[in-house]
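> sequence first, then the predicted structure, then my questions.
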Amino acid sequence: MTAMRGAAAYGRGAGAYARVGVESGVMSASPHQLIVMLFDGALSSIRAARIHMQAGSVAEKGRAISKALDIVNNGLLAALDTEKGGEIAERLGSLYDYVVRLLLAANLHDDQESLDQAERLLEDIASAWREIGSAGAQD
C-alpha cells in the first residue's frame, strides 16, 4: 500500500513538474513560438486520438479529439488577426474551420481518413510556421 501511495505521489509530482516546464516554456516563448506550440499540441492530440480509435477506446478518443478541437478553435483560430493578416488570415480561418469539421467527423464516425486529413493539413501549416521561425532566427 505504501509503494502504491509513493507511486501516486511520484506521478503527481512528475505531472506538476511537467506543467511547470510547459508553463515556463509558454511564458518565455515568442508569439511565433506559441503558435508552433499550439500546432504541436493539436498534432499530438490527433495522434493520441488515432491510437485510441484503433484500440477502440471511445472515451479516450473523444477526449483527445476534444483537446485538438479546443486548440484549433480557441488557439489557432482565435489567434488570427484578419485586420493585419488580411486574405491570408481569412484563408487560414477557412482551413481551420475545415479541420474542425474533419475532427468532428472523425469523432462521430470513427473515421480515420478524416483524422489523417486533419493531421496532414495541420502538419503542412505547422511546417511552414517552423520554416518562418528558422528563417527569422537566421536574420
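That came through fine.
> nearest spatial neighbour of the residue most central in space within the chain, chain-adjacent residues omitted?
Geometric centre of the chain, nearest residue: Ala42, 1.3 Å, by Cα atoms, centre = their mean. In space, and not counting its chain neighbours, Ala42 is closest to Ile71: 4.2 Å by Cβ to Cβ, 6 or more residues apart in numbering. All C-beta atoms are positioned from the backbone trio N, CA, C, and that covers glycine.
> per-residue pLDDT, the one you found?
On the pLDDT scale, Ile71 is placed at 97.
> for it, give me its contacts.
Leu38, Gly41, Ala42, Ser45 (Cβ atoms under 8 Å, 6 or more residues apart in numbering).
> state the helix or strand in which the second one lies.
Counting by DSSP states H and E, the element that carries Gly41 is helix 31-55.
> ok, and what's touching that helix?
Helix 31-55 is contacted from outside by 25-26, 29, 58, 60-61, 64-65, 67-68, 71-72, 75-76, 79, 103, 106-107, 110, 112, 115-116, 118-119, 122-123, 125-126, 129-130, 132-133, 136, using Cβ under 8 Å, 6+ apart.
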